[in-house]
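K.L.:
model the following, please.
(one chain, ligands or ions: 1)
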Amino acid sequence: MPEGDSVHRAAILLRALVGEELEVETPHPRAAAERIAERLDGRRLEPVEAVGKNVLLRFEGGMVLRSHLRMSGRWQVQPRGSLRSGRPWLVLRGAEQEAVLWNGPVLELHARAVARLGPDVLAPAPDFDAMLTNLRRLAPETWLGEALLDQRVVAGIGNVWKAESLWRAGLSPWLRLGAVEDRELRGMLGEAATLMRASLELRRQPRQIYGRAGRPCPRCRTRIRSRGQGDGNRTAYWCPTCQRGEDPPAP
Ligand SMILES: [Zn+2]
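P.N.:
Residues are numbered from 1 along each chain as shown. The predicted structure follows:
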């Protein structure tokens with residue numbers, strides 16, 4: 001799944017077209033059904049932002065196109081008129097370059113796309129106070145690992161950086177929210193922001209625990225465990241020794 005940092009990279013690419021009046025095409029029939037081309041064609045592209053896992057493209061007149069890449073979506077920017085095979089979802093054509101969206105499973109056009117998402121963990125100054133307030137609105141028995149993936153609480157954290165930031169903070173994904181102090185939650189959110197910012201800027205992926213079940217914890221050498229968690233059954237990774245928390249429920 002594209003994490004927040006790969007979404008930011010897509011937004012940076014798309015900025016090549018900001019300020020231009022774009023020719024818009026939707027070659028893929030499912031995208032054509034949304035009538036996006038008709039509504040955007042000829043409009044000027046205004047700032048492009050990454051918010052959580054979404055790329056938001058603003059157009060003159062208050063239109064906002066939300067693109068969520070899910071597992072397979074990809075934005076590409078190339079010289080205008082480049083050859084390609086296959087039918088992309090969307091083509092935004094400027095004077096010299098064009099942006100092409102492949103396999104764009106979620107494309108919505110409206111003006112309220114941002115309202116449902118929590119503060120962006122990759123914002124220049126992340127709003128940790130608001131994230132904390134959102135976390136405290138969840139039921140106290142919610143597992144920490146589930147809460148961190150809730151995009152209404154904090155936007156942009158995926159399963160990889162969830163595992164890594166919890167490990168850095170010494171908190172287990174199986175800890176209940178009600179058993180965590182504000183100070184600990186802030187520390188963990190800070191770790192997530194730092195790790196993801198480094199990944200965005202340096203393009204390195206320092207993974208200590210994600211995908212390493214059965215191998216020794218880099219901090220205490222205990223064997224790392226893994227287990228599906230929550231409604232989405234996303235795999236949680238944790239060290240049962242140096243990450244504070246309870247045991248997961250019996251399978
Ligand atoms: Zn450990």
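
K.L.:
make it CA atoms for all contacts and neighbour counts henceforth
P.N.:
Fine.

K.L.:
mind listing the strands for the protein?
P.N.:
23-25, 45-51, 54-59, 63-68, 74-79, 90-93, 97-102, 106-110, 225-229, 234-238 (DSSP state E).

K.L.:
so which of the ones you listed is nearest the ion?
P.N.:
Closest approach to the ion among the strands of the chain is made by strand 234-238 (7.9 Å; Cα to the ion).

K.L.:
residues of the closest one that come out buried?
P.N.:
235, 236, 237, 238 (16 or more other Cα atoms under 10 Å).

K.L.:
next: stretch 52-62.
P.N.:
52, 53, 54, 55, 56, 57, 58, 59.

K.L.:
I figured residue 40 hits residue 21, correct?
P.N.:
No - counting by Cα atoms under 8 Å, residue 40 does not reach residue 21; the two are 9.5 Å apart.

K.L.:
between the two, who's got more neighbours?
P.N.:
Neighbour count, other Cα atoms under 10 Å: between residue 40 and residue 21, residue 40 has more, with 23 against 20.

K.L.:
can I get the buried residues of stretch 52-62 in CSV with distance to the ion and pLDDT?
P.N.:
Compiled in CSV, the buried residues of stretch 52-62 are given as follows (distance: Cα to the ion, whole Å; pLDDT from 0 to 100):
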residue, distance to the ion, pLDDT
52, 29, 80
53, 30, 80
54, 33, 86
55, 36, 90
56, 39, 89
57, 42, 92
58, 45, 87
59, 48, 84
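
K.L.:
and which of those residues is nearest to residue 122?
P.N.:
residue 52 (7.6 Å; Cα to Cα).

K.L.:
which one is the residue of the stretch 1-150 of the chain found nearest the ion nearest to, not counting chain neighbours?
P.N.:
Distances between the stretch 1-150 of the chain and the ion by Cα to the ion are smallest at residue 145, namely 16.9 Å. Distances taken as Cα to Cα, 6 or more residues apart in numbering place residue 173 nearest to residue 145, at 4.0 Å, with adjacent residues excluded.

K.L.:
flag every residue of the chain that's near the ion.
P.N.:
With Cα under 5 Å from the ion as the criterion, the chain meets the ion at residues 217, 219, 220, 239, 242.

K.L.:
neighbour-wise, which of these leads?
P.N.:
Going by other Cα under 10 Å, residue 239 tops the residues of the chain next to the ion with 28 neighbours.

K.L.:
quick one: low-confidence parts of the protein?
P.N.:
Counting by pLDDT under 70, the chain shows low-confidence ranges at 1-4, 105, 111-116, 203-206.

K.L.:
repeat that for 50
P.N.:
By pLDDT under 50, the weakly predicted segments of the chain are 1, 113-114.

K.L.:
so what's the gap between the top helix by length along it and the chain middle?
P.N.:
Once the chain is assigned using DSSP state H, the helix that runs over the most residues is helix 182-202. With Cα atoms, centre = their mean, to the nearest Å as the basis, helix 182-202 stands 14 Å off its chain's centre.

K.L.:
for that helix, buried residues please.
P.N.:
182, 185-193, 195-197, 199-200.

K.L.:
hmm, who's touching that helix?
P.N.:
4-6, 8-9, 121-122, 126, 128, 132, 157, 161-162, 164-166, 168-169, 204-205 (Cα atoms under 8 Å, 6 or more residues apart in numbering).

K.L.:
which among these count as buried?
P.N.:
Members of these classed as buried by 16+ other Cα under 10 Å are 4-6, 8, 121-122, 126, 128, 132, 157, 161-162, 164-166, 168-169.

K.L.:
of the buried residues of strand 234-238, closest to residue 107?
P.N.:
residue 235 (27.2 Å).

K.L.:
contacts only, for residue 36.
P.N.:
Contacts of residue 36 by Cα under 8 Å, 6+ apart are 26, 109.
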